[in-house]
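**Student:** Just the structure for this:
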Amino acid sequence: MAPRRRVEKLGAGRRLAPRARLALVSPSHQYPLGATLSLRRRLALLDWAEDADAWILEDDYDGEYRYAGRPLAPLHTLDRGDRVLYLGTFSKVLAPGLRLGYLVVPPAAVDRFVALKLAFDRQAPGLTQLVLARFVSEGRLAAHLRRMRTLYARRRLALIETIRREAAGVLEADDAAEAGLNLVARLVVDADDVAVSQLAIKKRTSASPLSICYAGPIRQRGFVLGFANTAEEQMAPAVRSLVEAVGEAVVQRGRRASG
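**Tutor:** Numbering: from 1, shown residues only. Model prediction:
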């Protein structure tokens, strides 16, 4: 049996779904807040899967982009009971248009997953797969990832510094996760982030509202801001547009309250 202190970390999940046989997790970078799963919790999750004869689907959609500390080993590298299905994609690390992903499964399950794909999938383009396989085997993917980590780290820092400078007293992003391709900027003022997001779109600025990511009644307000496709010199105009949208939303709310 696993040490009790590990198993207790999953107590809430066991109580909510005592008969669960599949857990979907993103331990390297949880969306949207960017939390990572500690080693103790990773081991506890693996213990649960073995005890419950269950599966873990590990979605590592952007685990390659970590900007501080040592890279986190995927959960499936710790798996000794063949309980983890490791899901990855090339859409985040290369180009969305590739539409190529991959699934690493235990050796004993390979034939079954191949049969399922043949039965339910129209198959990915063979030529694209061959070109990508050569790109990977020649070390070009690893070199590409190193370049992009450097670029995205600069853009992430530029966005944080721009928020501090241009949105002081309106937005706060000092606790942004040091991984992924987006960060969370929390609202400091009392404003509806959904309304702000809609106003920002009219200003050609994309800012996904944070509150819609919550399932319960208690919701934090803010924005999930992507920085990967925004040049550093474009950060300030975008943040200023978002701040203007916040101001407009506050004014509109005040008018409705007084009317």
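**Student:** Residue ranges of each domain in this protein, please.
**Tutor:** The chain breaks down into these domains under automatic domain parsing: 4-138, 142-258.
**Student:** And those domains, which one averages the lowest pLDDT?
**Tutor:** Among those, domain 4-138 carries the lowest mean pLDDT, at a mean of 87.
**Student:** Output the longest helix belonging to this protein.
**Tutor:** Criterion DSSP state H: the longest helix present in the chain is helix 140-166.
**Student:** And the strands in the protein, which stretches?
**Tutor:** Along the chain, counting by DSSP state E, strands occupy 22-25, 55-59, 84-89, 101-104, 171-172, 182-187, 208-209, 222-226.
**Student:** The third one pairs with which strands, and in what direction?
**Tutor:** Spelled out, it's strand 84-89. Looking at strand 84-89 with DSSP bridges, its partner strands are strand 55-59 (parallel), strand 101-104 (antiparallel).
**Student:** again with the first one
**Tutor:** Strand partners for strand 22-25, identified by DSSP bridges, are recorded as strand 55-59 (parallel).
**Student:** C-alpha coordinates for the partner strand, PDB please?
**Tutor:** The C-alpha trace of strand 55-59 is given here as PDB (Å, rounded to 0.1, in the frame of the first residue of the first chain):
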ATOM      1  CA  TRP A  55      -5.900   5.200 -16.000                       C
ATOM      2  CA  ILE A  56      -4.300   8.600 -16.000                       C
ATOM      3  CA  LEU A  57      -4.500  10.700 -19.100                       C
ATOM      4  CA  GLU A  58      -1.600  13.200 -18.900                       C
ATOM      5  CA  ASP A  59      -2.200  16.200 -21.200                       C
END
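**Student:** nearest spatial neighbour of residue 35, skipping sequence neighbours?
**Tutor:** If the residues on either side of it in the chain are set aside, residue 35 comes closest to residue 177, at 7.1 Å by CB to CB, 6 or more residues apart in numbering. Heads up, the C-betas are built off the backbone N, CA and C, glycines and all.
**Student:** Next one: that neighbour from residue 68, what distance?
**Tutor:** Going from residue 177 to residue 68 by CB to CB, to the nearest Å gives 10 Å.
**Student:** Out of these two, name the residue with the larger neighbour count.
**Tutor:** The neighbour count for residue 177 versus residue 68, taken as other CB atoms under 10 Å, is higher for residue 177 (20 against 8).
**Student:** Surely the more buried one is in contact with residue 31?
**Tutor:** No: Residue 177 is beyond contact range of residue 31, at 10.0 Å (criterion: CB atoms under 8 Å).
**Student:** thinking again about what came up before, can you point out the buried residues in the longest helix of the chain?
**Tutor:** Neighbour-count burial for helix 140-166, with 16 or more other CB atoms under 10 Å as criterion, is recorded at 141, 148, 152, 153, 155, 156, 158, 159, 160, 162, 163, 166.
**Student:** For stretch 67-87, buried residues please.
**Tutor:** So stretch 67-87, judged by 16+ other CB under 10 Å, has buried residues 72, 74, 75, 76, 79, 83, 84, 85, 86, 87.
**Student:** right, and the fourth one touches residue 104 too?
**Tutor:** Yes: checked against CB under 8 Å, the pair residue 76 and residue 104 is within contact range at 6.3 Å.
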